[in-house]
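Undergrad: Need coordinates for the following:
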Amino acid sequence: MHQERIILADDHPVFRKGLRLLIQRIAPGAETIEANSIPELLSLARTGQAPTTFIIDMMFSDVSIEPRLATLREEFQRASIIIVSMIEDPEVADRIMSYGVDGFISKSVAPSELLAAIAAIRDGDLVVKLESSGAPVASPPVTGLTQRQYDVLQLLAKGKSNKEIAAELNISPFTVRVHVSSLLKVLGVTSRTAAAAKAAGDLLLP
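TA: Numbers count the residues shown, from 1 in each chain. I've put the predicted structure just below:
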């Protein structure tokens, strides 16, 4: 049985095949399967070994995956969920990320940057990448941290994984994801590593 199971869901076969070739560079031992529609995506996800990564086009013809994202996140809490789309609107990206998605990547970015963004997400970062020439977009900073966010930040800065943080704080991995996402907004950064570095640099942590 494969340790990793990646589902690529896109109704454009040329893009899907090209993306599969890219994925094989960073996950050569993974089982990578393709879906042409949302029903096929859900059927594959619920059959056999649970997927470790979803890479999903936002639009299938005239049907959006958006109404399914909250349920998908709840059902597959351990999986990375990455949305790829021709849409480059920061407000849309922010809304999609609010469902607990791990990444939103524009199809217009260079293949090398698309691959780097997917690799970062699979390593635990949350990434929004809307254009090749710019850095991942960060949401506007929010003033202040809740006590729980501070607790999560302390453990994140110590290099703890979401699973380890969840176990230590006695909360679910999904709840940790939500807190980490909020922390990135508060600190104005786009990755776990950057959050930990900024927290230490700004003396937010002892």
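
Undergrad: Where does the residue nearest to residue 84 when sequence neighbours are not counted fall, secondary structure wise?
TA: Closest residue to residue 84 apart from its sequence neighbours, by Cβ to Cβ, 6 or more residues apart in numbering: residue 105 at 5.1 Å. All C-beta atoms are positioned from the backbone trio N, CA, C, and that covers glycine. Using DSSP states H and E, residue 105 sits within strand 103-106.

Undergrad: from the chain's centre, how far out does that strand sit?
TA: 8 Å (Cα atoms, centre = their mean, to the nearest Å).

Undergrad: do the same with stretch 177-193
TA: Centroid separation for stretch 177-193 versus its chain: 12 Å, with Cα atoms, centre = their mean.

Undergrad: If you count neighbours, what's buried in that stretch?
TA: 177-187, 189-193 (16 or more other Cβ atoms under 10 Å).

Undergrad: again with stretch 14-34
TA: For stretch 14-34, burial by neighbour count (16+ other Cβ under 10 Å) applies to 16, 19, 20, 23, 27, 30, 31, 32, 33, 34.

Undergrad: Low-confidence stretches in this structure?
TA: Across the chain, the ranges flagged by pLDDT under 70 are 1-2, 132-144, 198-206.

Undergrad: Please enumerate the strands of it.
TA: Listed in chain order, the strands of the chain (DSSP state E) span residues 5-9, 31-35, 53-57, 59-60, 63-64, 80-85, 103-106, 127-129.

Undergrad: looking just at contacts, which helices and strands does the third one meet?
TA: This means strand 53-57. In terms of contact count using 3 or more Cβ pairs under 8 Å, 6 or more residues apart in numbering; DSSP states H and E, strand 53-57 is assigned the packing partners strand 5-9, helix 13-26, helix 38-45, strand 80-85.

Undergrad: what about residue 48, distance to residue 169?
TA: Residue 48 is 32 Å from residue 169, where distance means Cβ to Cβ, to the nearest Å.

Undergrad: Which one's more surrounded, the two?
TA: Shown here are residue 48 and residue 169; by other Cβ atoms under 10 Å, residue 169 has more neighbours (16 against 12).
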